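Enquirer: next one to model:
(2 chains)
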Number of protein chains: 2
Amino acid sequence: MEEIKVGLLGCGTVGSGVYKILQENKNSIANKSGAKLTVNKVLVKDTSQKLAVDVEKDLLTDDFEEIINDSEIDIIVELIGGVHPAKEFVLRALNSGRSVVTANKELIAKYGSEILSTADENGVDIYFEASVGGGIPIISPLKEDLAGNSVNKIMGIVNGTTNYILTKMGQEGAEFDEVLEKAQELGYAEADPTSDIAGHDAAYKLAILSSIGFESRVNIDEVYIEGITEIAKEDISYAKELGYKIKLLAIGKEDEGIEVRVHPTLIPKEHPLASVNDVFNAVFVEGDAIGEVMFYGPGAGQMPTGSAVVGDIITAARNIDFGAQGRIPCTCFEDKEFKPQAQTETSFYLRLNVCDRPGVLGKITGLLGEYGVSLESVIQKGRSANQAVPLVLVTHKVKEGNLVSALDEIKALDGVKEIANLIRVEE
Amino acid sequence: MEEIKVGLLGCGTVGSGVYKILQENKNSIANKSGAKLTVNKVLVKDTSQKLAVDVEKDLLTDDFEEIINDSEIDIIVELIGGVHPAKEFVLRALNSGRSVVTANKELIAKYGSEILSTADENGVDIYFEASVGGGIPIISPLKEDLAGNSVNKIMGIVNGTTNYILTKMGQEGAEFDEVLEKAQELGYAEADPTSDIAGHDAAYKLAILSSIGFESRVNIDEVYIEGITEIAKEDISYAKELGYKIKLLAIGKEDEGIEVRVHPTLIPKEHPLASVNDVFNAVFVEGDAIGEVMFYGPGAGQMPTGSAVVGDIITAARNIDFGAQGRIPCTCFEDKEFKPQAQTETSFYLRLNVCDRPGVLGKITGLLGEYGVSLESVIQKGRSANQAVPLVLVTHKVKEGNLVSALDEIKALDGVKEIANLIRVEE
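Expert: Numbers count the residues shown, from 1 in each chain, chains lettered A, B, ... in the order given. The predicted structure is shown next:
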């Protein structure tokens, strides 16, 4: 049996998971890949540092040159994260004729085009299943199993931290800040949680999925991004009363232009994504032939993400074995237009604080009507002669631009104290 | 761009879906497969018969020899179903050096070993994604993306007809027979529904999934099979009261021996499979690295199943393009033992009809205790001096053999009129 040698860049959480899986399941992996897979070198920051996994001392190096110059290494696995020096390492690996596996969503979202074409020019593989949805198979199903479809919608819960926070806010009736703190204690949120809670992490993943699904490059700058920091516990309870749950969704649609957006969203409680709780992830895909399909599982973690990386390593090894490197091409065959956010159409949940006096609701609905916005539900609670009371509205589908114009006027109405929140609704 | 030619065997529901997808999405499919895919011949029973799709008249033939002797054809797609002559056609195609794609679960479940080794001997591909879960990608994720895992559990709703019936029984409080009749009217159940409602269809699919997941051949004869015909509406309502739903599950486990069984099952209403309703399918996989992952979607139908078949055709074409036929080997590397059904361990739901008098419950629980069966819940409803009343018990986990022995004695107890139903419970 042939031996295929792997160079690991990084041995943190995911790296140590990958190392562990390659050791523990080595016989079965050899059978499946048709080759004995051996880790030949592991790049770490400091070779004296204690690792989460037992790696033979002499495999460790703190010098990338030792890996790129090791002519025995066939596959380089990038797990250091971030853009620099990951990008340089990946490009050098590809240019040196090595196949590359990476879990780096930021890198692929920002430099996918350059990286995929470098792989193509060199006739080698670049696989990045672990960059979206942790262990959940989603990139390879999109590129291969669903390849017969024209995909028109991708909708996913692709960030575990925010899904955990929203789940707990719903279950415990707690406010965002309290739950975030608890999530940080439990290790579900980073010390600096910005990338997660502001929606950037989800946006990277959406850019990757949409580029594949819609067969056209989606740059991260095209993604409209809104995080979950403005979600209040009352929004979650009003949503519940209306039959919805609030989730941070990454949504890509293609219909006379691509729209890509990450934002908190009300979805009906019967929707399969509504019951995806805690740190779990799920991606829902709609294609012209398949209809609707959903992939659900752990979106992060040492072993699940390791599972996706090892799956890619096995595929890359098998391709080397069969001389079939470069089998799966970049799928951005087209150059589609994007739809401006103002042109996108959704329903909206609106929470206003208004003075409780006759005529206010009438003025609001009148103004909405002038901009073509009709209402599906209205909740008005509490009565108070002095204080503002909450007014919750759910609109029918409307062009976002129209709603924004209507709100500009509504804000200025006498009797409207504030527009407390505005959340999109998807069916 | 190279041209790769396809011979279609069968142009019924799935065949016409495949033809349609290959036509409608041909540009994108050509980009993805690296070759122009053309249907060169279509085998039908009667060339004068009207088809569900517009196929050029001169592609039609009623003679398999015309297809096997067409030297232009590279890939043969078997969609006629059943064992004969599908098996002979598939083997001849493989032996003639053609790659084969099939949607035939019965064929793969019964003759997978022979078919996969024939493909291997000829250095060609055999793909059968559509044989399980219709359009849902599950076989390729198991064989490739999850290849790093040692899989210990596969649990799925893999038959749409029975899932539709159980869903409607639950929603409408209706009996099995009424719902079956309605399902037949709607085309969700066949005129002869035996293969679905008796669990055979699910068993074929389980044999296929388990062979892959556990890396050891699971013959259909090894699968314990129980259908849904004995499920009464009161079982569904008691299950609901206890916090469960009843689903026909296909369950494979590996833990000191393989157990494979298809039977109605109580699962907690929070389990992801519990909310898979109507004709939808879902397969839940547990592996040592990934943890839990679920694949959900349409388990049947012209276009969804066509989507899976076309995905396979694209992969087979790409392999031809890269000279990489036979990339994905048969994964039955081992020869594992099976666990006898009496040795399997689950919890049980028991519904008895008993005389409503002092001491009966005591005698029953006493006998269960003697066989090591302890109880989690008891529901006893109604009071009647003359008539039997229902007694519902849910046990803790127990070896099936022990429970059966206990029930033999319980049946004979004075005061026990009948054991009305016995349904396994999975967590």
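
Enquirer: only C-alpha atoms for contact and neighbour calcs from this point on.
Expert: OK.

Enquirer: buried residues in stretch A:346-355?
Expert: For stretch A:346-355, a neighbour-count test (16 or more other CA atoms under 10 Å in any protein chain shown) marks A:Thr346, A:Ser347, A:Phe348, A:Tyr349, A:Leu350, A:Arg351, A:Leu352, A:Asn353, A:Val354, A:Cys355 as buried.

Enquirer: quick one: secondary structure of the fifth one?
Expert: Going back to what we said before, that points to A:Leu350. Under DSSP: H, G, I helix; E, B strand; the rest coil, A:Leu350 falls in the strand class.

Enquirer: thinking it is in contact with A:Pro390, fair?
Expert: No. If you go by CA atoms under 8 Å, A:Leu350 and A:Pro390 don't touch, sitting 10.1 Å apart.

Enquirer: wait, A:Asn152 touches A:Ile290, no?
Expert: No. Because the distance of 11.0 Å does not satisfy CA under 8 Å, A:Asn152 is recorded as not touching A:Ile290.

Enquirer: which helices and strands sit right next to the longest helix belonging to chain A?
Expert: Counting residues, the longest helix found in chain A (DSSP state H) is helix A:302-321. On a contact count with 3 or more CA pairs under 8 Å, 6 or more residues apart in numbering or on different chains; DSSP states H and E, helix A:302-321 meets helix A:13-24, helix A:26-33, strand A:35-43, strand A:73-78, strand A:99-102.

Enquirer: model confidence for the closest residue to A:Pro390 other than its chain neighbours, exactly?
Expert: Distances taken as CA to CA, 6 or more residues apart in numbering or on different chains put A:Asn353 closest to A:Pro390, at 4.5 Å, once the chain neighbours are dropped. pLDDT recorded at A:Asn353 is 95.

Enquirer: again, but for A:Ala388
Expert: pLDDT, read off for A:Ala388, is 89.

Enquirer: and for A:Ala250?
Expert: A:Ala250 carries a pLDDT value of 98.

Enquirer: then A:Ser384?
Expert: 76.

Enquirer: just checking, A:Thr162 is part of a helix?
Expert: Yes. Counting by three-state DSSP, A:Thr162 is part of a helix.

Enquirer: please enumerate the helices of chain A.
Expert: A:13-24, A:26-33, A:64-68, A:86-95, A:105-121, A:139-140, A:160-172, A:176-185, A:194-197, A:200-213, A:233-241, A:302-321, A:360-370, A:400-411.

Enquirer: same question for the longest one, mean pLDDT?
Expert: Think helix A:302-321. For helix A:302-321, the mean pLDDT works out to 97.

Enquirer: can you check what angle separates that helix from helix A:26-33?
Expert: For helix A:302-321 and helix A:26-33, the angle between their directions (axes from the mean of the first three to the mean of the last three CA atoms, to 10 degrees) works out to 40 degrees.

Enquirer: how about the CA coordinates for helix A:302-321, as PDB?
Expert: Below are the C-alpha coordinates for helix A:302-321, written out as PDB (Å, rounded to 0.1, in the frame of the first residue of the first chain):
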ATOM      1  CA  GLN A 302     -12.200  19.700  17.900                       C
ATOM      2  CA  MET A 303     -13.500  16.400  16.700                       C
ATOM      3  CA  PRO A 304     -16.400  17.400  14.400                       C
ATOM      4  CA  THR A 305     -14.200  19.900  12.500                       C
ATOM      5  CA  GLY A 306     -11.400  17.300  12.600                       C
ATOM      6  CA  SER A 307     -13.900  14.900  10.900                       C
ATOM      7  CA  ALA A 308     -14.400  17.300   8.000                       C
ATOM      8  CA  VAL A 309     -10.700  17.900   7.600                       C
ATOM      9  CA  VAL A 310      -9.900  14.200   7.600                       C
ATOM     10  CA  GLY A 311     -12.600  13.500   5.100                       C
ATOM     11  CA  ASP A 312     -10.900  16.100   2.800                       C
ATOM     12  CA  ILE A 313      -7.500  14.600   3.400                       C
ATOM     13  CA  ILE A 314      -8.800  11.100   2.500                       C
ATOM     14  CA  THR A 315     -10.300  12.500  -0.700                       C
ATOM     15  CA  ALA A 316      -7.100  14.400  -1.600                       C
ATOM     16  CA  ALA A 317      -5.100  11.200  -0.900                       C
ATOM     17  CA  ARG A 318      -7.400   9.200  -3.100                       C
ATOM     18  CA  ASN A 319      -7.000  11.700  -5.900                       C
ATOM     19  CA  ILE A 320      -3.300  11.500  -5.700                       C
ATOM     20  CA  ASP A 321      -3.600   7.700  -5.700                       C
END
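
Enquirer: how far does that helix sit from the chain's center?
Expert: 20 Å (CA atoms, centre = their mean, to the nearest Å).
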